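Chemist: pasting the sequence and the predicted model now:
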2 protein chains.
Amino acid sequence: MIAELVFVGTELLLGEILNSNAQYLGRQMAMLGVDVYHQVVVGDNAARLRAVFEQALGRADLVIACGGLGPTDDDITREVAAEVAGRPLELDEGLVAELEAWFAGRGRKMTANNRRQCMVPRGATVLPNDRGTAPGLIIPADGGKTLILLPGPPGEMRPMFASHVVPYLTARNGGRPLRLVTRTLRFVGIGESALADGLKDLLENQTDPTIAPYAKTGEVHLRLATRAADEAEGRARIAPVEAEIRARFGRFLYGVDEESLAEAVGRLLAERGLTLSTAESCTGGLVARYITDVPGSSRYFGMGFVTYANEAKVRFLGVPEELLAAQGAVSEPVARAMAEGALQRSGADVAVAITGIAGPDGGTPVKPVGTVWFALAARGFQGDGSGEVPLPAGVWAETARLHGDRDGVRERAATHALALVRRYLLGYLG
Amino acid sequence: MIAELVFVGTELLLGEILNSNAQYLGRQMAMLGVDVYHQVVVGDNAARLRAVFEQALGRADLVIACGGLGPTDDDITREVAAEVAGRPLELDEGLVAELEAWFAGRGRKMTANNRRQCMVPRGATVLPNDRGTAPGLIIPADGGKTLILLPGPPGEMRPMFASHVVPYLTARNGGRPLRLVTRTLRFVGIGESALADGLKDLLENQTDPTIAPYAKTGEVHLRLATRAADEAEGRARIAPVEAEIRARFGRFLYGVDEESLAEAVGRLLAERGLTLSTAESCTGGLVARYITDVPGSSRYFGMGFVTYANEAKVRFLGVPEELLAAQGAVSEPVARAMAEGALQRSGADVAVAITGIAGPDGGTPVKPVGTVWFALAARGFQGDGSGEVPLPAGVWAETARLHGDRDGVRERAATHALALVRRYLLGYLG
């Protein structure tokens, strides 16, 4: 089965909004094993949309269109699709009742405009919209082909696709072994080329699963993918390749699939019953923000310091003024003093400190923009009898020269700091 | 002039990357006054790319293609475009020398693959790439039509477009009055529908400039746009409409065009010579992060507290334990005590505190997820003789019920906190 994706909206052509639906649907179709050869974006213009639909139905079995199902005059997707499929629009009284109830439930009255959204091409299947007023439609067309219309807002389109289009496509494809099963291995502390070098034999001889590395800001992801009849078969094919990769680079592998580095670090802290504090200068709260992005992070994170000014480092972390004067704020001794101060004053078990030059100004020949010092201070951990490695007390420091603009340096520094905490918790800091 | 945008890459069809180039180029073309009726995404397949190019040249004067100019075998855009334009590829020795120098400057050796990137269709113009190895190309085609090829990585494409394609298109369009001049007015503290209601007459009778409202997380943007011969003419047409909008809603208008709320607040602080501190609970460092996203923020921001746990609120901000026990952490008295504590302990002139329930857990019937208390404490400001309004000393508190998931609540809370600081600095807090 070949599908074509059509996105309707002048605002997309003008670049007023980012077409995130294209990525979502592209990924979904790949996971379902449906080939997509073209995506087309077209404006709110009936003649051009008609031509796009006709061409798409000519070269694909299935056309999925997003957008243009709203109540206003420039929403024309429903009318044009009905015309192309040769099916007259009929008012669906059941839909009218549902939509009236939807508005009543929100204390609003349905307008006459919204009745347009209750027009259904004869023989089409209506897809309910739990989040908005525009129902989706599955419209049969000539030659066994199909048009599927979905609303444009991602918050409405995605749940509708997952609840109604995925089951439809799965049923339509019968028992064909076309599901794409993927597993993303997430690495930190190693570069893309070093990882690729160490996996050269696997990358060169890959057939099934395929192995694709992607560089992210401060991280590298490795995507393993295979097509299989079901999840279990795919997993079984991926497992031995993953085991081999773990044997070589498990030390740098912090999580799989959607797990973020902050989640992985939080999991390690929670498993050991330890708490973390932060002392941030150049990252300005970014590390605390990543940690508290995770629901439930209050179990292991109680307090963070954003000590942007030198005076704040002195007053709140007890960094000696002489040290700042003699070494500068971006230096190993200051990073160590920040981490020790945060550990003592917060009462946490582990504290991580970041001090660096994010730019665009403030760099010098000796300490150019991107120079960052990190330190970690810890009280030590004897283990709680459940098999974790005991962890030493101490203070560790390291530096990195990070690239990128101000945002890039700050994000890489935050990632590096979280990776340092991870290494400590796994017993890699000597 | 009509243009069509073509994006080449199987990774786009598979949804492995987000097509941010489509938004960038769409916006650029709109600003240049060039109409775009279609965007097409196609994979790394020569036959399909050829068909897409032929169709695009049939219905547009100018085709801009992004991607597929790299050194590997699946990079086919150059070859297919040359074929469609009927111009043989010839090795450009000057380019070879430049590319060899580029590699040498990075301590690397050019591979044979990279020589493919030095092949130029006869009669084409080469666009230098300062950030990578793939040069761009402007290729004349039959009937006065043109193919422009640009590299796919946004970091290479955008500077090349700005430096080389914009001047080319401007020259090609001669003196035609087609430049789109826009001005975005950014509001906070007012909803989209309230703003639209208050501007109903302007919105209904808009012709030139056009006025389009956009809701952002916690903000509303109003985009004024007109086509003009030059910037000055456009500005002159926009100015009276902007003045009318400012007369009605200037109180909520914090900035124009690209200025962020954090930048606007920072500008107000710097103008008055005041400093700010933050005491964050549910936002977990997000407000500090937004403030320090701005280069030069160390002039007015020295210190922030992330007091996620109750114990941290007691220890670092001096919030009385009894208050937390009696009122709960998400309450007006605790927000006030946090702001006062941050003011005193940081030594800043103004402190803002945020305490709320970001979810997904922790909500109750009385305090559902999204309930947030804000407080601002200030030492007062007599003015420095340069005409600013004097500001009172005091503590102000307010609450909001914010919607969205955990990320949405946190972002809206951070925006609300910055808006509160803005209102104080402008003398709106009584």
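Modeler: That came in fine, so what should we check first? Numbers count the residues shown, from 1 in each chain, chains lettered A, B, ... in the order given.
Chemist: give me the most central residue, chain A.
Modeler: residue A:258 (7.0 Å; Cα atoms, centre = their mean).
Chemist: tell me the domain ranges of chain A?
Modeler: Using automatic domain parsing, the domain parsing of chain A gives A:2-172, A:179-256, A:261-425.
Chemist: the ones you listed into CSV, with extra columns for mean neighbour count, mean pLDDT and distance to chain B?
Modeler: The way it works is simple: take the backbone N, C-alpha and C, and place the C-beta from them, glycine included. Output for these, formatted as CSV (neighbours: other Cβ atoms under 10 Å in any protein chain shown; pLDDT from 0 to 100; distance: least, Cβ to the nearest Cβ, whole Å):
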stretch, mean neighbour count, mean pLDDT, distance to chain B
domain A:2-172, 19, 92, 3
domain A:179-256, 16, 90, 8
domain A:261-425, 21, 94, 3
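Chemist: please enumerate the helices of the stretch 1-150 of chain A.
Modeler: A:10-13, A:20-32, A:46-59, A:77-85, A:93-105, A:112-115 (DSSP state H, counting those that start in this stretch).
Chemist: turn these into JSON lines, including distance to residue A:292.
Modeler: As requested, these are exported to JSON lines (distance: least, Cβ to Cβ, whole Å):
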{"stretch": "helix A:10-13", "distance to residue A:292": "34"}
{"stretch": "helix A:20-32", "distance to residue A:292": "25"}
{"stretch": "helix A:46-59", "distance to residue A:292": "45"}
{"stretch": "helix A:77-85", "distance to residue A:292": "41"}
{"stretch": "helix A:93-105", "distance to residue A:292": "34"}
{"stretch": "helix A:112-115", "distance to residue A:292": "41"}
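Chemist: residue A:187: which of these is closest?
Modeler: Comparison of the helices of the stretch 1-150 of chain A against residue A:187 by Cβ to Cβ identifies helix A:20-32 as nearest, at 21.2 Å.
Chemist: and the closest one, what does it pack onto?
Modeler: strand A:2-8, strand A:35-42, strand A:62-66, helix A:154-160, helix A:166-172, strand A:179-188, helix B:10-13 (3 or more Cβ pairs under 8 Å, 6 or more residues apart in numbering or on different chains; DSSP states H and E).
Chemist: distance from that helix to the middle of the chain?
Modeler: Remark: helix A:20-32 is offset 14 Å from the chain centroid, using Cα atoms, centre = their mean, to the nearest Å.
Chemist: run through who's touching it.
Modeler: A:3, A:5, A:7, A:35-36, A:39, A:41, A:64, A:66-67, A:152, A:154, A:157-158, A:161, A:166, A:169-170, A:173, A:178-180, A:182, B:12-19, B:22, B:41 (Cβ atoms under 8 Å, 6 or more residues apart in numbering or on different chains).
Chemist: any chance of TSV for the helices and strands packed on helix A:20-32, columns distance to residue B:330?
Modeler: What follows is the helices and strands packed on helix A:20-32, written out as TSV (distance: least, Cβ to Cβ, whole Å):
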stretch	distance to residue B:330
strand A:2-8	42
strand A:35-42	44
strand A:62-66	39
helix A:154-160	27
helix A:166-172	39
strand A:179-188	34
helix B:10-13	44
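Chemist: residue A:372: which of the ones you listed is closest?
Modeler: strand A:179-188 (15.4 Å).
Chemist: tell me what the closest residue to residue A:65 other than its chain neighbours is bridged to.
Modeler: In space, and not counting its chain neighbours, residue A:65 is closest to residue A:6: 4.2 Å by Cβ to Cβ, 6 or more residues apart in numbering or on different chains. Using DSSP bridges, the bridge partners assigned to residue A:6 are residue A:40, residue A:65.
Chemist: and residue A:6, what is it in contact with?
Modeler: Per Cβ under 8 Å, 6+ apart, neighbours of residue A:6: A:39-42, A:49, A:52-53, A:56, A:63-66.
Chemist: that older thread, could I get the domains of chain A in TSV, plus columns for distance to residue B:381?
Modeler: Converted to TSV, those look like this (distance: least, Cβ to Cβ, whole Å):
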stretch	distance to residue B:381
domain A:2-172	40
domain A:179-256	40
domain A:261-425	20
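Chemist: which among the helices and strands packed on helix A:20-32 is found nearest to residue A:375?
Modeler: Comparing the helices and strands packed on helix A:20-32 by Cβ to Cβ, strand A:179-188 comes nearest, at 18.0 Å.
Chemist: who does that closest one pair up with?
Modeler: strand A:219-228 (antiparallel), strand A:253-256 (antiparallel).
Chemist: which among those strands is found nearest to residue B:213?
Modeler: Across the strands paired with strand A:179-188, closest to residue B:213 is strand A:219-228 (Cβ to Cβ), at 37.6 Å.
Chemist: and the next element down the chain from that closest one?
Modeler: helix A:231-249 (DSSP states H and E).
Chemist: angle of that next one against strand A:179-188?
Modeler: Relative orientation of helix A:231-249 versus strand A:179-188 (axes from the mean of the first three to the mean of the last three Cα atoms, to 10 degrees): 20 degrees.
Chemist: backbone dihedrals for residue A:352, please?
Modeler: phi -120, psi 140 (degrees, to the nearest 10).
Chemist: is it in a bridge, and if so with what?
Modeler: In beta-bridge terms (that is, DSSP bridges), residue A:352 pairs with residue A:278, residue A:376.
Chemist: so what's it up against?
Modeler: Counting by Cβ under 8 Å, 6+ apart, residue A:352 has contacts A:276-279, A:287, A:339, A:342, A:374-376, A:417-418, A:420-421.
Chemist: go on, residue A:348?
Modeler: Residue A:348 touches A:275-277, A:302-303, A:342, counting by Cβ under 8 Å, 6+ apart.
Chemist: so how far is residue A:414 from the residue located most distally from the centre of chain A?
Modeler: Most distant residue from the mean C-alpha position of chain A: residue A:322, 44.0 Å away (Cα atoms, centre = their mean). Residue A:322 sits 29 Å away from residue A:414, going by Cβ to Cβ, to the nearest Å.
Chemist: can you check residue A:187 too?
Modeler: For residue A:187 relative to residue A:414 (Cβ to Cβ), the value is 17 Å.
Chemist: also residue A:57?
Modeler: Counting by Cβ to Cβ - residue A:57 and residue A:414 are separated by 48 Å.
Chemist: do residue A:53 as well
Modeler: Residue A:53 is 46 Å from residue A:414, by Cβ to Cβ.
Chemist: and residue A:428, by the same measure?
Modeler: Residue A:428 is 19 Å from residue A:414, where distance means Cβ to Cβ.
Chemist: kindly report the same for residue A:323.
Modeler: If you go by Cβ to Cβ, the gap between residue A:323 and residue A:414 works out to 24 Å.
Chemist: residue A:112 too?
Modeler: 52 Å.
Chemist: can you check residue A:96 too?
Modeler: According to Cβ to Cβ, residue A:96 and residue A:414 sit 52 Å apart.
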